[in-house]
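Enquirer: Got a predicted structure plus its sequence, pasted below:
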Amino acid sequence: MNNNILFFLTPKAMCAYLYDDYTMRQALEKMETAGYAALPILNKRGEYRGTLTEGDLLWGIKNMCYMDIRQAEAHRIMEITRRRDYIPVRVTTSMHDLVDRATNQNFVPVVDDKNAFIGIVTRGAIIKYCSQRLFPED
């Protein structure tokens, strides 16, 4: 297997993500447009802050907006209690650790030495690579 995480990386420029100062409404709209069930959260310096899922948003709306979607403009996404954040890796992380992380996350955020978000590795990219190696004739 290729031992370079960058081989699997979807660069930041091609990723959908949220900023930590977005409102719940902005996050809902971005998720709807992007079509993903989970998105990385970055601060304005580009540092990874966590992951927001559709479920997190749903519970946030229920608990903080009392099911009144208009109130979603008054709350920032960092106010939402997240079930769990996807743990990022560095480009120097071993492939074993990357695959291990991807078994429990839809994507693995990748950060540099300054914790700046540089992209993601999707579980699909890893499975596709493995499939091509296991079944080259297909």
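Expert: Cool, got the structure. None of these values were measured; they are calculated from a predicted model.

Enquirer: Extract the C-alpha set from the helix or strand of the chain at the bottom of the mean pLDDT ranking and format it as PDB.
Expert: Every helix and strand of the chain was ranked by mean pLDDT, DSSP states H and E. The lowest is helix 123-134, at a mean of 88. Extracted C-alpha coordinates of helix 123-134, given in PDB (Å, rounded to 0.1, in the frame of the first residue of the first chain):
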ATOM      1  CA  ARG A 123     -12.900   6.500   3.700                       C
ATOM      2  CA  GLY A 124     -14.000   6.000   0.100                       C
ATOM      3  CA  ALA A 125     -10.500   7.000  -1.300                       C
ATOM      4  CA  ILE A 126      -8.900   4.300   0.900                       C
ATOM      5  CA  ILE A 127     -11.500   1.600   0.000                       C
ATOM      6  CA  LYS A 128     -11.100   2.500  -3.700                       C
ATOM      7  CA  TYR A 129      -7.300   2.100  -3.500                       C
ATOM      8  CA  CYS A 130      -7.600  -1.200  -1.700                       C
ATOM      9  CA  SER A 131     -10.200  -2.500  -4.100                       C
ATOM     10  CA  GLN A 132      -8.000  -1.600  -7.100                       C
ATOM     11  CA  ARG A 133      -5.100  -3.600  -5.500                       C
ATOM     12  CA  LEU A 134      -7.200  -6.600  -4.500                       C
END
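
Enquirer: quick one: it to chain centroid distance?
Expert: In terms of Cα atoms, centre = their mean, to the nearest Å, the centre of helix 123-134 is found 20 Å from the chain centre.

Enquirer: Which neighbouring elements make contact with it?
Expert: helix 95-102 (3 or more Cβ pairs under 8 Å, 6 or more residues apart in numbering; DSSP states H and E). (C-beta placed from N, C-alpha, C; glycine too.)

Enquirer: Taking helix 95-102 as reference, get the angle to the least confident helix or strand of the chain.
Expert: Helix 123-134 and helix 95-102 are oriented at 130 degrees to each other (axes from the mean of the first three to the mean of the last three Cα atoms, to 10 degrees).
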